[in-house]
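# Structure of the sequence below:
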Amino acid sequence: MERRKFLATSLGASALALGAHKLAAEPPVAAGREYYELRQYHLQSGPQTKLVQNYIAEALIPGLNRLGMSPIGAFNLTIGPETPTIYVLIPGNSLEALVTSDLRLADDQEFLKAANPFWNAAATAAPYVRIESTLLIAFEGRPKLKVTPVSADHGKRIFQLRTYESPTNKDHVRKVEMFHNGEFAIFERAGFWPVFYADALIGPRLPKLTYMLSFPDLADMNSKWDAFSNDPEWKKLSGSPRYSEEAIVSNVTNLVLTPLPCSQI
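Reported below is the predicted structural model:
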(Lines give C-alpha, C1' and ligand atoms only; values in the text may rest on other atoms or scores of the structure.)
Protein backbone atom coordinates (compact mmCIF):
# COMPACT_ATOMS: atom_id res chain seq x y z
CA MET A 1 0.00 0.00 0.00
CA GLU A 2 2.84 2.43 0.80
CA ARG A 3 4.29 1.79 -2.66
CA ARG A 4 0.94 2.69 -4.20
CA LYS A 5 0.80 5.93 -2.18
CA PHE A 6 4.31 6.85 -3.30
CA LEU A 7 3.47 6.30 -6.95
CA ALA A 8 0.29 8.30 -6.62
CA THR A 9 2.21 11.17 -5.06
CA SER A 10 5.00 11.25 -7.64
CA LEU A 11 2.99 10.61 -10.77
CA GLY A 12 -0.62 11.22 -9.91
CA ALA A 13 -0.57 14.99 -10.33
CA SER A 14 0.81 14.76 -13.83
CA ALA A 15 -1.47 11.92 -14.82
CA LEU A 16 -4.59 13.64 -13.51
CA ALA A 17 -3.67 16.93 -15.17
CA LEU A 18 -3.14 15.23 -18.48
CA GLY A 19 -6.25 13.15 -18.06
CA ALA A 20 -8.27 16.30 -17.43
CA HIS A 21 -7.40 17.42 -20.93
CA LYS A 22 -8.41 14.02 -22.33
CA LEU A 23 -5.12 13.17 -23.94
CA ALA A 24 -6.62 10.10 -25.52
CA ALA A 25 -8.07 12.57 -28.04
CA GLU A 26 -4.78 14.21 -29.03
CA PRO A 27 -4.27 17.05 -31.51
CA PRO A 28 -4.54 16.13 -35.20
CA VAL A 29 -0.82 16.81 -35.70
CA ALA A 30 -0.03 13.78 -33.51
CA ALA A 31 -2.56 11.46 -35.16
CA GLY A 32 -0.96 8.10 -35.99
CA ARG A 33 2.41 9.00 -34.46
CA GLU A 34 3.86 7.06 -31.57
CA TYR A 35 5.27 8.55 -28.39
CA TYR A 36 8.37 7.12 -26.74
CA GLU A 37 9.80 7.19 -23.27
CA LEU A 38 13.56 6.72 -23.45
CA ARG A 39 14.55 5.74 -19.91
CA GLN A 40 18.07 5.50 -18.51
CA TYR A 41 18.98 3.52 -15.41
CA HIS A 42 22.34 4.84 -14.21
CA LEU A 43 24.05 2.09 -12.22
CA GLN A 44 27.15 1.24 -10.26
CA SER A 45 29.21 -1.80 -11.16
CA GLY A 46 28.30 -4.79 -9.05
CA PRO A 47 25.05 -6.49 -8.00
CA GLN A 48 22.93 -3.49 -9.12
CA THR A 49 23.39 -4.45 -12.75
CA LYS A 50 21.95 -7.96 -12.37
CA LEU A 51 19.10 -6.75 -10.15
CA VAL A 52 17.98 -4.13 -12.70
CA GLN A 53 18.36 -6.54 -15.62
CA ASN A 54 16.18 -9.10 -13.83
CA TYR A 55 13.59 -6.44 -13.01
CA ILE A 56 13.40 -5.33 -16.65
CA ALA A 57 13.22 -8.89 -17.99
CA GLU A 58 10.89 -10.47 -15.44
CA ALA A 59 8.66 -7.58 -14.30
CA LEU A 60 8.82 -4.41 -16.40
CA ILE A 61 8.67 -5.76 -19.96
CA PRO A 62 5.94 -8.39 -19.25
CA GLY A 63 3.95 -5.78 -17.29
CA LEU A 64 4.17 -3.18 -20.06
CA ASN A 65 3.22 -5.82 -22.62
CA ARG A 66 0.07 -6.58 -20.61
CA LEU A 67 -0.75 -2.87 -20.86
CA GLY A 68 -0.56 -3.20 -24.66
CA MET A 69 2.83 -1.50 -24.95
CA SER A 70 5.29 -3.28 -27.24
CA PRO A 71 7.86 -3.91 -28.48
CA ILE A 72 10.03 -2.80 -25.56
CA GLY A 73 13.73 -2.25 -26.14
CA ALA A 74 16.32 -2.88 -23.41
CA PHE A 75 19.99 -2.15 -23.99
CA ASN A 76 23.34 -1.95 -22.25
CA LEU A 77 25.43 1.12 -23.02
CA THR A 78 28.51 -0.37 -24.70
CA ILE A 79 30.30 2.70 -26.09
CA GLY A 80 29.65 6.06 -24.48
CA PRO A 81 30.01 7.95 -21.20
CA GLU A 82 28.54 6.98 -17.82
CA THR A 83 28.72 3.21 -17.96
CA PRO A 84 27.15 1.09 -16.66
CA THR A 85 23.82 2.44 -17.90
CA ILE A 86 20.79 0.51 -19.14
CA TYR A 87 18.47 2.15 -21.67
CA VAL A 88 14.82 1.16 -21.99
CA LEU A 89 12.70 2.28 -24.95
CA ILE A 90 8.94 2.25 -24.27
CA PRO A 91 6.53 3.04 -27.12
CA GLY A 92 2.98 4.26 -26.55
CA ASN A 93 0.11 5.23 -28.82
CA SER A 94 -0.76 8.17 -26.57
CA LEU A 95 0.77 10.42 -23.96
CA GLU A 96 -1.75 9.10 -21.45
CA ALA A 97 -0.47 5.56 -21.94
CA LEU A 98 3.08 6.57 -21.09
CA VAL A 99 2.23 8.95 -18.24
CA THR A 100 0.00 6.47 -16.43
CA SER A 101 1.99 3.27 -17.05
CA ASP A 102 3.65 3.19 -13.60
CA LEU A 103 0.33 3.79 -11.85
CA ARG A 104 -1.31 1.03 -13.86
CA LEU A 105 1.57 -1.37 -13.14
CA ALA A 106 1.04 -0.70 -9.43
CA ASP A 107 -2.39 -2.36 -9.80
CA ASP A 108 -0.87 -5.43 -11.52
CA GLN A 109 -0.29 -8.09 -8.87
CA GLU A 110 1.78 -10.22 -11.23
CA PHE A 111 4.06 -7.24 -11.86
CA LEU A 112 4.36 -6.43 -8.15
CA LYS A 113 5.35 -10.00 -7.31
CA ALA A 114 8.04 -10.12 -10.00
CA ALA A 115 9.26 -6.60 -9.18
CA ASN A 116 9.56 -7.22 -5.43
CA PRO A 117 13.39 -7.46 -5.17
CA PHE A 118 13.74 -4.23 -7.16
CA TRP A 119 10.92 -2.23 -5.56
CA ASN A 120 11.74 -3.27 -2.00
CA ALA A 121 15.52 -2.85 -2.14
CA ALA A 122 16.82 -0.92 0.86
CA ALA A 123 18.01 2.65 0.40
CA THR A 124 21.46 1.52 1.50
CA ALA A 125 21.48 -0.95 -1.41
CA ALA A 126 19.46 1.02 -3.97
CA PRO A 127 19.13 -0.75 -7.34
CA TYR A 128 20.26 2.32 -9.29
CA VAL A 129 22.01 5.64 -8.85
CA ARG A 130 19.39 7.66 -10.75
CA ILE A 131 16.74 7.25 -13.44
CA GLU A 132 16.39 9.77 -16.27
CA SER A 133 13.70 9.91 -18.93
CA THR A 134 13.12 11.79 -22.16
CA LEU A 135 9.67 12.03 -23.78
CA LEU A 136 9.74 11.83 -27.56
CA ILE A 137 7.25 11.93 -30.43
CA ALA A 138 7.94 10.07 -33.67
CA PHE A 139 8.69 12.13 -36.76
CA GLU A 140 5.67 12.66 -38.97
CA GLY A 141 7.45 10.93 -41.85
CA ARG A 142 8.34 7.87 -39.76
CA PRO A 143 5.41 7.60 -37.33
CA LYS A 144 6.01 4.04 -36.10
CA LEU A 145 8.91 2.16 -34.55
CA LYS A 146 10.42 -0.60 -36.71
CA VAL A 147 11.90 -3.83 -35.36
CA THR A 148 15.13 -5.01 -36.99
CA PRO A 149 15.02 -8.05 -39.30
CA VAL A 150 16.95 -10.16 -36.77
CA SER A 151 15.28 -9.09 -33.51
CA ALA A 152 12.63 -11.81 -33.47
CA ASP A 153 15.31 -14.52 -33.52
CA HIS A 154 17.59 -12.56 -31.13
CA GLY A 155 20.15 -12.39 -33.90
CA LYS A 156 23.44 -10.56 -33.59
CA ARG A 157 22.91 -6.81 -33.67
CA ILE A 158 24.07 -3.55 -32.18
CA PHE A 159 22.27 -0.21 -31.95
CA GLN A 160 23.43 3.32 -32.48
CA LEU A 161 21.57 6.02 -30.56
CA ARG A 162 22.24 9.49 -31.95
CA THR A 163 21.02 12.79 -30.55
CA TYR A 164 21.33 16.12 -32.37
CA GLU A 165 21.07 19.29 -30.32
CA SER A 166 20.39 22.54 -32.18
CA PRO A 167 21.41 26.05 -31.14
CA THR A 168 17.90 27.47 -31.64
CA ASN A 169 14.35 26.26 -32.18
CA LYS A 170 14.46 27.55 -35.74
CA ASP A 171 17.56 25.48 -36.46
CA HIS A 172 16.00 22.44 -34.82
CA VAL A 173 12.94 22.69 -37.07
CA ARG A 174 15.19 22.88 -40.12
CA LYS A 175 17.14 19.78 -39.04
CA VAL A 176 13.90 17.81 -38.63
CA GLU A 177 12.82 19.11 -42.04
CA MET A 178 16.12 17.88 -43.50
CA PHE A 179 15.24 14.29 -42.58
CA HIS A 180 11.91 14.60 -44.37
CA ASN A 181 13.44 16.27 -47.41
CA GLY A 182 15.77 13.43 -48.36
CA GLU A 183 17.76 12.13 -45.40
CA PHE A 184 15.40 9.18 -44.75
CA ALA A 185 15.95 7.91 -48.29
CA ILE A 186 19.74 8.23 -47.99
CA PHE A 187 19.73 6.15 -44.80
CA GLU A 188 17.67 3.47 -46.51
CA ARG A 189 19.81 3.48 -49.64
CA ALA A 190 22.93 2.98 -47.50
CA GLY A 191 21.32 -0.13 -45.96
CA PHE A 192 20.72 1.06 -42.39
CA TRP A 193 18.16 -0.69 -40.18
CA PRO A 194 16.23 2.30 -38.78
CA VAL A 195 14.38 1.76 -35.48
CA PHE A 196 12.88 5.21 -34.79
CA TYR A 197 13.30 8.91 -35.51
CA ALA A 198 11.80 11.24 -32.92
CA ASP A 199 11.59 14.80 -31.65
CA ALA A 200 12.21 15.42 -27.94
CA LEU A 201 9.24 17.03 -26.17
CA ILE A 202 10.47 16.89 -22.57
CA GLY A 203 13.98 16.22 -21.33
CA PRO A 204 17.39 17.82 -20.85
CA ARG A 205 19.32 19.90 -23.40
CA LEU A 206 16.44 20.95 -25.65
CA PRO A 207 15.86 21.50 -28.54
CA LYS A 208 17.00 18.16 -29.85
CA LEU A 209 16.02 15.10 -31.85
CA THR A 210 16.98 11.48 -31.30
CA TYR A 211 17.08 8.50 -33.61
CA MET A 212 18.16 4.87 -33.38
CA LEU A 213 19.75 2.70 -36.05
CA SER A 214 20.78 -0.95 -35.97
CA PHE A 215 23.54 -3.01 -37.58
CA PRO A 216 24.88 -6.56 -37.41
CA ASP A 217 28.17 -5.30 -35.93
CA LEU A 218 30.56 -2.34 -35.66
CA ALA A 219 32.27 -3.08 -38.98
CA ASP A 220 28.92 -2.99 -40.76
CA MET A 221 28.03 0.27 -38.98
CA ASN A 222 31.23 1.96 -40.16
CA SER A 223 30.80 0.66 -43.70
CA LYS A 224 27.25 1.98 -43.97
CA TRP A 225 28.21 5.40 -42.60
CA ASP A 226 30.88 5.57 -45.31
CA ALA A 227 28.20 4.81 -47.89
CA PHE A 228 25.96 7.48 -46.38
CA SER A 229 28.60 10.21 -46.34
CA ASN A 230 29.65 9.46 -49.92
CA ASP A 231 26.11 9.43 -51.31
CA PRO A 232 25.77 12.21 -53.93
CA GLU A 233 22.30 13.06 -52.65
CA TRP A 234 23.68 13.58 -49.13
CA LYS A 235 26.35 15.92 -50.43
CA LYS A 236 23.71 17.83 -52.35
CA LEU A 237 21.28 17.98 -49.41
CA SER A 238 23.87 18.93 -46.78
CA GLY A 239 25.29 21.58 -49.10
CA SER A 240 21.94 23.25 -49.69
CA PRO A 241 22.00 26.87 -48.47
CA ARG A 242 18.91 26.22 -46.31
CA TYR A 243 20.84 23.66 -44.28
CA SER A 244 24.40 24.95 -44.54
CA GLU A 245 24.19 28.73 -44.20
CA GLU A 246 24.70 28.27 -40.45
CA ALA A 247 25.24 25.34 -38.10
CA ILE A 248 21.83 23.81 -37.45
CA VAL A 249 23.33 21.14 -35.16
CA SER A 250 25.46 22.34 -32.26
CA ASN A 251 26.20 19.02 -30.54
CA VAL A 252 25.94 15.33 -31.42
CA THR A 253 25.76 12.52 -28.87
CA ASN A 254 26.64 9.16 -30.38
CA LEU A 255 26.17 6.00 -28.31
CA VAL A 256 26.50 2.30 -29.16
CA LEU A 257 24.11 -0.03 -27.34
CA THR A 258 23.93 -3.82 -27.07
CA PRO A 259 20.50 -5.44 -26.55
CA LEU A 260 19.81 -7.33 -23.36
CA PRO A 261 18.58 -10.90 -23.91
CA CYS A 262 15.06 -9.77 -22.96
CA SER A 263 14.93 -6.93 -25.51
CA GLN A 264 12.06 -7.13 -27.98
CA ILE A 265 13.85 -4.80 -30.43
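
# At the geometric centre of the chain, which residue sits there?
Closest residue to the average C-alpha location of the chain: residue 38 at 3.4 Å, with CA atoms, centre = their mean.

# first to last residue in stretch 40-47, what's the distance?
Stretch 40-47 has an end-to-end distance of 17 Å (CA to CA, to the nearest Å).

# quick check: mean pLDDT across it?
Averaging pLDDT along stretch 40-47 yields 93.

# can you pull the buried residues of that stretch?
Buried residues in stretch 40-47, defined by neighbour count with 16 or more other CB atoms under 10 Å: 40, 41, 42, 43. Where you see a C-beta, it was placed from the backbone N, CA and C, and this is true even at glycine.

# how distant is it from the center of its chain?
18 Å (CA atoms, centre = their mean, to the nearest Å).

# How about stretch 89-97?
In terms of CA atoms, centre = their mean, the centre of stretch 89-97 is set 11 Å apart from its chain centre.

# Mind listing what's buried along that stretch?
Neighbour-count burial for stretch 89-97 [16+ other CB under 10 Å]: 89, 90, 91, 92, 93, 94, 95, 96, 97.

# Distance check, the second one against residue 225.
Read it as residue 90. Remark: distance between residue 90 and residue 225 (CB to CB, to the nearest Å) = 28 Å.

# wait, which of the buried residues of stretch 89-97 is closest to residue 232?
Of all these, residue 232 sits closest to residue 89, with 33.1 Å by CB to CB.

# partner residues bridging that closest one?
Beta-bridge partners recorded for residue 89 (DSSP bridges): residue 38, residue 73.

# Can I get the buried residues of stretch 40-47 in JSON lines including secondary structure and distance to residue 130?
Output for the buried residues of stretch 40-47, formatted as JSON lines (DSSP: H, G, I helix; E, B strand; the rest coil; distance: CB to CB, whole Å):
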{"residue": "40", "secondary structure": "strand", "distance to residue 130": "8"}
{"residue": "41", "secondary structure": "strand", "distance to residue 130": "8"}
{"residue": "42", "secondary structure": "strand", "distance to residue 130": "5"}
{"residue": "43", "secondary structure": "coil", "distance to residue 130": "9"}
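
# Now flag whichever of these is closest to residue 217.
For the buried residues of stretch 40-47, the nearest to residue 217 is residue 40 (24.0 Å; CB to CB).

# ranges for the helices of this structure?
With DSSP state H applied, the chain shows helices at 2-20, 47-55, 61-66, 95-99, 101-105, 109-119, 169-178, 184-189, 218-229, 232-238, 241-244, listed in chain order.

# what residues are up against residue 130?
Contact partners of residue 130, counting by CB atoms under 8 Å, 6 or more residues apart in numbering, are residue 42.
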